[in-house]
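J.: Generate a structure from the sequence data that follows.
(one chain, ligands or ions: 1)
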Amino acid sequence: MSAYLDNAATTKPSAECVKAMCHALTEHYGNPSSLHSMGLQAQLDVDAARAQIAAALGVETDSILFTSGATESNNMAVLGTAARYGKRARRVVTTTVEHASVRAAFDTLEAQGFEVIRVAPCESMDEFAEKFAAAVDENTCLASMMLVNNETGHILPVKAAFTAAKKKNPKLITHCDAVQGFMKVPFRAADLQADLITVSGHKVHAAKGVGALWHKKGVKLGALLHGGEQEGGIRPGTESVPLIVGFGAAVKKMRETLDDRRTYCSALRNTCIEKLSAIDGIRIQSPANGSPFILSFSAKGLRSETLLHFLAERDVFVSSGSACSKGKQSGVLQQFGIPDNLADSTIRVSFCAENTAEDIDTLVSLVTLAQQTLIHKR
Ligand code: PMP
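T.: Prediction:
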């Protein structure tokens with residue numbers, strides 16, 4: 001039996017998303033910038049999708065920018081903020097466990113001469129928030145912390161960190177990569193004390209290649225691209241109407257089921273923890289209070305890649321670490337205290353509401369079989 005357990009890498013587009021995309025491709029295919037009725041229709045469709053994303057974040061509709069995905073949103077947030085606010089305030093603060101798209105954007109700032117402070121997580125999230133805020137001073141223009149770690153499911157103390165940091169420096173711009181939390185872990189923009197929030201379509205049952213960046217009213221961003229007046233001139237280029245309306249439709253559907261999905265996936269994850277923990281040599285690496293949608297575990301004596309391929313050959317799909325690093329280790333697991341030898345043996349399982357108890361049983365029995373065939377036969 002096959003089981004897709006890699007929903008943190010990407011999700012299957014929902015029926016609602018596909019229907020909305022097909023409609024945009026076959027009927028409402030005008031250019032939103034065109035002045036005739038076909039253009040107006042496309043513009044209205046884009047704005048309706050914008051309203052859906054805004055409502056899901058609890059923000060004003062006109063402060064949502066559509067992008068090609070979270071990678072672009074993160075780059076826009078980090079580089080765009082530094083371009084506007086970093087002329088004199090030359091310090092920026094982030095964590096050591098961010099997604100590659102945030103990490104690389106901060107590396108770019110470092111190459112531009114910014115002082116980049118990368119704060120490592122602590123055992124206690126309160127302590128982590130304090131340490132993060134302590135790194136912010138009056139010369140800091142930007143601080144960025146993700147909401148849910150994509151490799152382990154840790155929920156980071158964004159609100160506490162940003163609140164304390166803004167107390168130290170009220171001019172500070174705060175950014176949160178909320179990709180793995182959006183439509184999964186309940187939050188509203190105001191709760192996080194964030195000025196910029198990144199979300200991605202394909203993690204919430206929309207198609208790949210669309211994301212959004214929310215920016216608080218009054219926060220100015222330097223543009224990465226230069227061209228027309230689309231998206232307020234901050235993100236020029238003809239809007240990808242099909243991707244955007246699909247994103248809106250997927251989010252609309254997900255908002256209706258948020259609580260049920262969370263409860264359901266939480267129970268699936270608990271079952272998975274229980275059954276995997278009962279196997280000799282398996283260690284759960286995700287925290288008990290982490291995201292209900294992500295579970296990372298290590299299988300002593302089996303390399304991640306070996307186990308991943310063993311499972312994939314039997315139609316069970318998981319990740320080793322994060323999918324974005326193409327199997328290469330990002331170092332994030334070690335930052336959360338997982339030693340090198342276990343990080344090499346770590347697998348990430350990630351759920352959605354379409355997963356079933358049978359999927360978990362299939363995974364668990366195949367992990368046992370992998371141990372018997374790959375370790376015990378050596
Ligand atoms: N941030 C996080 C936390 C992610 O998990 C991902 C996707 N793996 C991204 C950013 C990048 O998203 P996208 O694929 O939309 O560029």
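
J.: use CA for all of it now, contacts and neighbours both
T.: Will do.

J.: Return the residues of the stretch 51-200 of the chain in contact with the ligand.
T.: 69, 70, 71, 99, 150, 177, 179, 180, 200 (Cα under 6 Å from any ligand atom).

J.: Can you add neighbour count and give those back as a markdown table?
T.: Putting those into a markdown table (neighbours: other Cα atoms under 10 Å) gives the following:
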| residue | neighbour count |
| --- | --- |
| 69 | 21 |
| 70 | 28 |
| 71 | 24 |
| 99 | 24 |
| 150 | 30 |
| 177 | 29 |
| 179 | 28 |
| 180 | 27 |
| 200 | 30 |
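
J.: Looking at these, which are in strands?
T.: 177, 200 (DSSP state E).

J.: Farthest pair within the residues of the stretch 51-200 of the chain next to the ligand?
T.: Using Cα to Cα, the two most remote members of these are 69 and 150, lying 15.4 Å apart.

J.: Which strand or helix spans the nearest residue to residue 62 once chain neighbours are set aside?
T.: Here the nearest residue to residue 62 in space, its sequence neighbours aside, is residue 50; by Cα to Cα, 6 or more residues apart in numbering that works out to 7.8 Å. Element membership of residue 50 [criterion: DSSP states H and E] is helix 37-57.

J.: Now do that helix: which elements does it pack against?
T.: In terms of contact count using 3 or more Cα pairs under 8 Å, 6 or more residues apart in numbering; DSSP states H and E, helix 37-57 is assigned the packing partners strand 64-67, helix 241-256.

J.: Out of those, the one nearest residue 161 is which?
T.: In terms of Cα to Cα, the element of these nearest to residue 161 is strand 64-67, at 23.6 Å.

J.: For residue 151, see how far away residue 9 is.
T.: To residue 151, residue 9 is 10 Å away according to Cα to Cα, to the nearest Å.

J.: These two: who's more crowded?
T.: A count of neighbours by other Cα atoms under 10 Å puts residue 151 above the other of residue 9 and residue 151, at 30 against 19.

J.: per-residue confidence at that one?
T.: Looking at residue 151, its pLDDT stands at 96.

J.: ok, it to residue 330 distance?
T.: Counting by Cα to Cα, the gap from residue 151 to residue 330 is 9 Å.

J.: next one: residue 64
T.: Computed as Cα to Cα, the residue 64 to residue 330 distance reads 30 Å.

J.: Next, work out how far apart residue 54 and the ligand are.
T.: For residue 54, the distance to the ligand (Cα to the nearest ligand atom, to the nearest Å) stands at 17 Å.

J.: which other helices and strands contact the worst-scoring helix or strand of the chain on mean pLDDT?
T.: In the chain, the helix or strand scored least confidently by mean pLDDT, DSSP states H and E is helix 340-343, which has a mean of 89. Contact partners of helix 340-343 among helices and strands, from 3+ Cα pairs under 8 Å, 6+ apart: strand 294-299, helix 332-335.

J.: where exactly do the strands run in the chain?
T.: Listed in chain order (using DSSP E), the strands of the chain are 3-4, 64-67, 91-95, 115-119, 140-144, 173-177, 196-200, 211-215, 282-284, 294-299, 316-317, 346-350.

J.: Could you work out which of these reaches nearest to residue 223?
T.: Taking Cα to Cα as the criterion, residue 223 comes closest to strand 64-67 out of the strands of the chain, the separation being 11.6 Å.

J.: Sheet partners, orientation included, of that closest one?
T.: Take DSSP bridges as the rule and strand 64-67 pairs in its sheet with strand 211-215 (antiparallel).

J.: Please state the offset of the strand it pairs with from the chain centre?
T.: In terms of Cα atoms, centre = their mean, to the nearest Å, the centre of strand 211-215 is found 12 Å from the chain centre.

J.: Much appreciated, bye for now.
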